[in-house]
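[1] Sequence first, predicted model second:
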Amino acid sequence: MAEPDVLLADMAGSERTELAGMTVDAGAAGDARIRRIVYPPGYRWSVDIRPVVGGDVCEHAHVGFLARGRLAGRYEDGCEFDYQAPQVVAIEPGHDAWVGDAEPAVLIEFDFERETVGRLGMAARHAH
């Protein structure tokens, strides 16, 4: 019998949300949240989420561990990022992002909702 894929299995102690093809499982950890986000192949923020939330770019910071797949993106100033699992991820607000290959990208993310930038000492916007 094959072992279940723990990166995609139901996550005990979490709440599941599905939005624009993404699956987000989130659970409380002290003042923070731990979220597992599964981005499907072909996902792109500007195509899939912008119509739902509005705005020109993603205004959320993403900090965590890319456990599977590839996430690539571009900041407003033209700088690009490209993360390949397994890799630590820190993405400032003000970006577009997409799944960079044919498999889902699985990000284990730590956040403080709207306080992530300040609580983690990140830049409010990407800058050189």
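    Arrived safely, thanks for sending. Numbering: from 1, shown residues only.

[2] Show me what counts as buried in stretch 57-71.
    For stretch 57-71, a neighbour-count test (16 or more other Cβ atoms under 10 Å) marks 57-58, 60-64, 66-71 as buried. (Each C-beta comes from the backbone N, C-alpha and C, glycine too.)

[3] Let me know the closest of those residues to residue 103.
    Nearest to residue 103 among those is residue 69, at 5.1 Å by Cβ to Cβ.

[4] Give me the nearest residue to residue 43, chain neighbours excluded.
    Closest residue to residue 43 apart from its sequence neighbours, by Cβ to Cβ, 6 or more residues apart in numbering: residue 99 at 4.6 Å.

[5] pretty sure residue 32 is in contact with residue 111, am I right?
    Yes: if you go by Cβ atoms under 8 Å, residue 32 and residue 111 touch, sitting 6.5 Å apart.

[6] Those two - which one has more neighbours?
    A count of neighbours by other Cβ atoms under 10 Å puts residue 111 above the other of residue 32 and residue 111, at 20 against 17.

[7] That one bridge partners, please.
    Here residue 111 sits in beta bridges with residue 33, as judged by DSSP bridges.

[8] and it, what does it touch?
    By Cβ atoms under 8 Å, 6 or more residues apart in numbering, residue 111 lies in contact with 32-33, 35, 60-63.

[9] Could you dump the residues you listed into CSV with secondary structure, pLDDT and distance to residue 45 added?
    As requested, these are exported to CSV (DSSP: H, G, I helix; E, B strand; the rest coil; pLDDT from 0 to 100; distance: Cβ to Cβ, whole Å):
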residue, secondary structure, pLDDT, distance to residue 45
32, strand, 94, 22
33, strand, 94, 19
35, strand, 96, 16
60, coil, 93, 10
61, coil, 95, 13
62, strand, 96, 11
63, strand, 97, 16
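
[10] now, which of those sits nearest residue 46?
    Comparing the contacts of residue 111 against residue 46 with Cβ to Cβ places residue 60 closest, at 13.9 Å.

[11] Look at residue 121 and say how many residues are nearby.
    Neighbour count of residue 121, defined by other Cβ under 10 Å: 6.

[12] Let's see the pLDDT reported for it.
    At residue 121, the predicted lDDT confidence score is 93.
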